[in-house]
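Novice: okay, sequence plus prediction incoming.
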Amino acid sequence: MNLPLQSLRTKTKLLSSPLQQIQPIKWNIQLRELSKPGQYQQAITLYRQMLRSGATPNAFTFPFILKSSAALSLPVSGAQIHCHVIKSGCQSEPFVQTALITMYCKCWSPDTAYKLFDESPKSWELTVCYNALISGYVQDSQFSNGLLLFREMRSRGVAFNAVTVLGLVPGCTVPTHLELGMSLHCSSLKCGLNSDLAVANCFLTMYVRCAAFELARKLFDEIPMKELITWNAMISGCAQNGLGTEVLDLYRDMELSGMQPDAVTFVGVLSSCANLGAQKVGIEVEEKIKRYGLKFNRFLKNALINMYARCGNLTRAQAIFDEMPERNLVSWTAIISGYGMHGHGEIAVELFDEMIKAGIQPDRTVFVSVLSACSHAGLTKKGIDYFDSMETNYGLKPGSEHYSCIVDLLGRAGRLQEAHKLIESMPMEPDGPVWGALLGACKIHKNVELAELAFTKVVNLEPTNIGYYVLLSNIYTMAGDLEGVMRIRVMMRERGLKKDPGYSYVEYKGTTHLFVAGDRKHPQIKNIYTMLAELEELVKEDSGLLKEERNDQAIAGVHSERLAIAFALLNSDDLGKDILVIKNLRICGDCHVFIKSVSKILDCKFVVRDATRFHHFKCGECSCKDYW
DNA sequence: CTAGGGTTAG
């Protein structure tokens, strides 16, 4: 009696599924294999095949496919899958719910995820749901919501674990949240979570990013079995905070400990080489990159371009840039700022235009590079045009960093009143660098009155930045206002500010030699001073330039760069060929006059790097367009 | 066959 019906069933089954894959379990098992890093796209393709074949996804299918969709951050396909979930009536299955919540969290909709969670408050696996939500909010830069959930979780008596901490702590990587992060660290220790290396790495990242280096170091030293990520967290954190020498030390320690660095390590090390101007180390790293087969890594290529440009080797930076098959915004920014720093503003703006033609959308950072390139090269009109185009053509609101570029640009061109007016018209509160740029321009154009105004503002904002005191003092000296110089000195003493000893360093034959003004620790110091005395004599005879020497030393101290130059000349084999890069944070007028003169007398080249750019000295001229 | 995590550039 049942026979006809049964045969009908068999027939339908065969018809609708010629490959006999109607059973979801087979698909599910394949999906499980594919929902792993690197294969998520294939998992999605497989899911589509599954639907086309007529198989119905079930409660085991959805967690896998939602995970893949979440990992690729595909909100559209995620929402589609959500529809399939409802269609197949799986929406109240616990694992499916959790997977849905996770998917929405990873697709930047933590609010949707929270609604799902809130509408169906079930008792299962609350920890997992909370973990997903907390990390979702934190990664969507809604740290306070993440924290709120964490507190709710605790007040409901839901247990938290390592994953909770890993979700929440990345929100504590700004100094304002450090204390909170530290209390989290304490609770984690009490719960015995410190044995989880990922948790330790996470807190380590928090400490270095908050510039709490003693705490970071302590934690780092306490980790007995350091993983690659532990080293990387420490190295990148220090690199991002400008602790270049610490990074190079860590890198050596890492190699000594036998741990193999990877691309992430090299990125941090190269960025520190760029900051320090340590080209020799940078070259070694490039060799290693080749040896490890990482030379096609784009992160590393950009880091190399930046490193060479900031070590003064523009040729090599350009070569790497040219070899790149695909350049992104970061590559263009690195090469543009490289040319800008070396005073080649024309090339920088050409490259910028070329980048726009190539269809790359500029961002605020690349505008900082191109604007400062214009300002260093005296391309006033061009710079103003770019500044105006930011908002009109690209919808980018200028920030105070762009305003300070334009103030610098107008200021160098002598348009001080315009620069002042621009500051007054800023939509946001002007910060230290903005007023500082005006102050610097006042020095170039000898405007004491405006300088005093700018100084009052900037010192109010950055009371401990000694550079600004030195700047105004130099302006007073130039104007012959010795009373003013005294006033500044008294002000500094009252505020407990000591003049920082200017320092310079030279990388010579792979070692960095540091010279602090007045320091006599260098092994060759006797010869250096003899050489320096000779040089100063020659320069005086040459043009009498040093007679104009102003009494800057009162505050700025003895010139450290002269020691560096004397050292280099003492050790140089071939003056004409050697290009020497000297790093000096603050270059003053006397420094310019002296180096120009030496380069003329001895017919040699010098490259000097200050905080923002390079000065190329040759035959008594300097590449920078400043009016010292 | 079932969910949640730490380190990359200008």
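Specialist: Perfect, I can see it now.

Novice: low-confidence ranges, chain A, go.
Specialist: Chain A contains residues with pLDDT under 70 at A:1-22, A:121-124, A:510, A:543-558, A:574-581, A:584-586, A:625-628.

Novice: is the helix or strand where A:Asp253 lies up against DNA strand B anywhere?
Specialist: Per DSSP states H and E, A:Asp253 falls inside helix A:244-256. No. Helix A:244-256 stays clear of DNA strand B (Cβ under 7 Å from any atom of the strand), getting no nearer than 11.0 Å. The C-beta positions use only the backbone N, C-alpha and C, and glycine is treated the same way.

Novice: quick one, helices of the stretch 51-200 of chain A?
Specialist: A:61-71, A:75-87, A:94-106, A:110-119, A:126-139, A:143-155, A:162-168, A:178-190, A:197-209 (DSSP state H, counting those that start in this stretch).

Novice: closest to DNA strand B out of the ones you listed?
Specialist: helix A:94-106 (2.5 Å; Cβ to the nearest atom of the strand).

Novice: buried stuff in the closest one?
Specialist: A:Phe95, A:Val96, A:Gln97, A:Thr98, A:Ala99, A:Leu100, A:Ile101, A:Thr102, A:Met103, A:Tyr104, A:Cys105, A:Lys106 (16 or more other Cβ atoms under 10 Å).

Novice: thought the second one was touching A:Cys90?
Specialist: Yes. Contact between A:Val96 and A:Cys90 holds when scored by Cβ atoms under 8 Å: they sit 4.9 Å apart.

Novice: list the residues that contact both of these two?
Specialist: A:Ala59, A:Phe62 (Cβ atoms under 8 Å, 6 or more residues apart in numbering).

Novice: ok, the residue nearest in space to the middle of chain A - contacts?
Specialist: Centroid check for chain A by Cα atoms, centre = their mean gives A:Gln240 as the closest residue, at 5.6 Å. With contacts taken as Cβ under 8 Å, 6+ apart, A:Gln240 has the following neighbours: A:Val208, A:Arg209, A:Gly268, A:Ser271.

Novice: of the residues you listed, which is the most crowded?
Specialist: Most neighbours among these, by other Cβ atoms under 10 Å: A:Val208, with 27 neighbours.

Novice: three-state assignment of A:Val607?
Specialist: Assigned state for A:Val607: strand (three-state reduction, DSSP: H, G, I helix; E, B strand; the rest coil).

Novice: can you tell me the number of residues neighbouring it?
Specialist: Neighbours of A:Val607 (other Cβ under 10 Å): 20.

Novice: report the beta-bridge partners for it.
Specialist: A:Val581, A:His616 (DSSP bridges).

Novice: pretty sure it contacts A:Arg613?
Specialist: No. If you go by Cβ under 8 Å, A:Val607 and A:Arg613 don't touch, sitting 10.9 Å apart.

Novice: what is the burial count for the closest residue to A:Phe321 other than its chain neighbours?
Specialist: Counting by Cβ to Cβ, 6 or more residues apart in numbering, the nearest residue to A:Phe321 once its immediate chain neighbours are dropped is A:Ile335, at 4.7 Å. Using other Cβ under 10 Å, A:Ile335 is surrounded by 28 other residues.

Novice: how distant is the helix or strand containing A:Ile335 from the center of its chain?
Specialist: According to DSSP H and E, A:Ile335 maps onto helix A:329-341. Mean-position distance between helix A:329-341 and its chain equals 14 Å (Cα atoms, centre = their mean, to the nearest Å).

Novice: what about A:Tyr503, distance to A:Val281?
Specialist: 19 Å (Cβ to Cβ, to the nearest Å).

Novice: tell me the contacts of the residue lying closest to A:Cys622 once chain neighbours are set aside?
Specialist: Excluding the flanking residues, the one nearest A:Cys622 by Cβ to Cβ, 6+ apart is A:His615, at 5.3 Å. For A:His615, the contacting residues are A:Gly343, A:Ile587, A:His592, A:Ile595, A:Val607, A:Val608, A:Arg609, A:Cys622, A:Ser623, A:Cys624, by Cβ under 8 Å, 6+ apart.

Novice: need the max-distance pair from the residues you listed.
Specialist: The largest separation in those, counting by Cβ to Cβ, is between A:Gly343 and A:Ile595 at 14.8 Å.

Novice: tally up the residues packed near the residue lying closest to A:Asn131 once chain neighbours are set aside, please.
Specialist: Nearest residue to A:Asn131, sequence neighbours excluded (Cβ to Cβ, 6+ apart): A:Val163, at 4.6 Å. Using other Cβ under 10 Å, A:Val163 is surrounded by 19 other residues.

Novice: and if you look at A:Tyr47?
Specialist: Around A:Tyr47 there are 26 residues (other Cβ under 10 Å).

Novice: from A:Thr56, how far off is it?
Specialist: Taking Cβ to Cβ, one finds A:Tyr47 at 12 Å from A:Thr56.

Novice: and for A:Cys191?
Specialist: Distance of A:Cys191 to A:Thr56, given as Cβ to Cβ: 43 Å.

Novice: with A:Leu294 instead?
Specialist: For A:Leu294, the distance to A:Thr56 - Cβ to Cβ - is 46 Å.

Novice: and if you look at A:Ser92?
Specialist: Taken as Cβ to Cβ, the span from A:Ser92 to A:Thr56 is 17 Å.

Novice: look up the closest residue to whichever residue of the stretch 401-550 of chain A sits closest to DNA strand B, ignoring the ones flanking it.
Specialist: Proximity of the stretch 401-550 of chain A to DNA strand B (Cβ to the nearest atom of the strand) peaks at A:Glu401, 12.5 Å away. When the adjacent residues along the chain are set aside, A:Glu401 lies closest to A:Val368, with 5.4 Å between them (Cβ to Cβ, 6+ apart).

Novice: so who does the one you found touch?
Specialist: A:Glu401, A:His402, A:Cys405.

Novice: mind putting those in JSON lines, neighbour count and secondary structure included?
Specialist: Below are the contacts of A:Val368 laid out as JSON lines (neighbours: other Cβ atoms under 10 Å; DSSP: H, G, I helix; E, B strand; the rest coil):
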{"residue": "A:Glu401", "neighbour count": "16", "secondary structure": "helix"}
{"residue": "A:His402", "neighbour count": "20", "secondary structure": "helix"}
{"residue": "A:Cys405", "neighbour count": "27", "secondary structure": "helix"}
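
Novice: output those as a markdown table; include the columns distance to A:Thr512.
Specialist: As requested, the contacts of A:Val368 are exported to a markdown table (distance: Cβ to Cβ, whole Å):
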| residue | distance to A:Thr512 |
| --- | --- |
| A:Glu401 | 30 |
| A:His402 | 34 |
| A:Cys405 | 30 |
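
Novice: nearest to A:Ala70, out of those residues: which one, please.
Specialist: A:Glu401 (35.4 Å).

Novice: one step back: now, which of the contacts of A:His615 lie within strands?
Specialist: A:Val607, A:Val608, A:Arg609, A:Cys622 (DSSP state E).

Novice: just name the closest of these to DNA strand B, please.
Specialist: A:Arg609 (14.0 Å).

Novice: distance of the closest one from A:Ala198?
Specialist: Per Cβ to Cβ, A:Arg609 is found 40 Å from A:Ala198.

Novice: A:Ala233 too?
Specialist: Relative to A:Ala198, A:Ala233 is positioned 10 Å away (Cβ to Cβ).

Novice: those two: who's more crowded?
Specialist: A:Ala233 (26 against 14).

Novice: pretty sure the more buried one contacts A:Leu204?
Specialist: Yes. At 4.9 Å, A:Ala233 and A:Leu204 qualify as touching, with contact defined as Cβ under 8 Å.

Novice: quick one: contacts for A:Thr265?
Specialist: Counting by Cβ under 8 Å, 6+ apart, A:Thr265 has contacts A:Leu228, A:Trp231, A:Asn232, A:Ile235, A:Tyr251, A:Met254.

Novice: pull out the buried residues from stretch A:429-446.
Specialist: Those buried within stretch A:429-446 under the rule 16+ other Cβ under 10 Å are A:430-444.

Novice: what does stretch A:304-320 give?
Specialist: Buried, per 16+ other Cβ under 10 Å, within stretch A:304-320: A:304-314, A:316-318, A:320.
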